[in-house]
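> no letters, just coordinates:
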């Protein structure tokens with residue numbers, strides 16, 4: 001069954017068809033939410049909320065790229081959560097009890113502890129740099145550089161002009177580069193950037 005047929009079936013009330021859409025897009029939706037929010041639990045909640053919103057408003061989907069329509073819901077849900085956090089910031093008790101030696105991380109077969117640690121540190125530093133970007137730049141950078149979406153798809157998802165997407169991406173990349181340059185001593189040696197200003 002092709003995507004259009006599944007969407008029509010879901011719009012007609014077939015829950016199994018909507019579940020098929022969830023299966024196809026849940027990984028992408030979660031990855032986008034995680035990169036925007038920077039927290040796995042918040043990303044999981046935002047993903048679930050997004051699919052509920054998509055289910056409720058599925059009849060209003062009038063065709064086009066379903067992926068763009070869905071990711072617009074995901075990014076808006078993430079923005080809502082970020083705004084709510086700014087209004088009432090909280091600290092999780094779970095964050096205080098994490099033992100870094102027992103944190104679960106994905107590892108590749110055959111990767112040694114040193115390589116794993118270097119990759120983990122680099123990933124954390126990059127994620128922190130992404131998290132510090134303004135919301136609009138963060139979302140654009142995640143959609144372009146992590147999810148590999150085209151400028152046009154990003155424009156549809158975020159509801160802005162193509163030129164705005166390009167400028168946000170350019171500014172976001174520059175800020176992330178500057179963030180990493182300022183923290184070169186924290187980067188593993190082989191990943192240190194050359195400062196083009198020198």
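Received the coordinates, thanks. Worth saying up front: this structure is predicted, and the values here are computed from it rather than measured.

> please give the element, helix or strand, for residue 70.
helix 66-87 (DSSP states H and E).

> in contact with residue 54, which residues?
Going by CB atoms under 8 Å, 6 or more residues apart in numbering, residue 54 touches 21, 69, 70, 73. From N, CA and C alone the C-beta is placed, and that goes for glycine too.

> can you tell me the helix or strand for it?
helix 40-56.

> grab the nearest non-local neighbour of the residue nearest the centre of the chain.
By CA atoms, centre = their mean, the mean C-alpha position of the chain lies nearest to residue 32, the distance being 2.3 Å. Using CB to CB, 6 or more residues apart in numbering and skipping residues adjacent in sequence, the residue nearest residue 32 is residue 74, 5.4 Å away.

> ok, residue 180 touching residue 129?
Yes: Residue 180 is within contact range of residue 129, at 6.0 Å (criterion: CB atoms under 8 Å).

> give me the distance between residue 156 and residue 51.
19 Å (CB to CB, to the nearest Å).

> can you list the domain ranges for this protein.
1-90, 111-189 (automatic domain parsing).

> now the weakest link among these, please, by mean pLDDT.
Mean pLDDT is lowest for domain 111-189 among these, at a mean of 85.

> before we move on, the earlier item: what helix or strand is the residue nearest to the centre of the chain on?
Going by DSSP H and E, residue 32 is part of helix 15-37.
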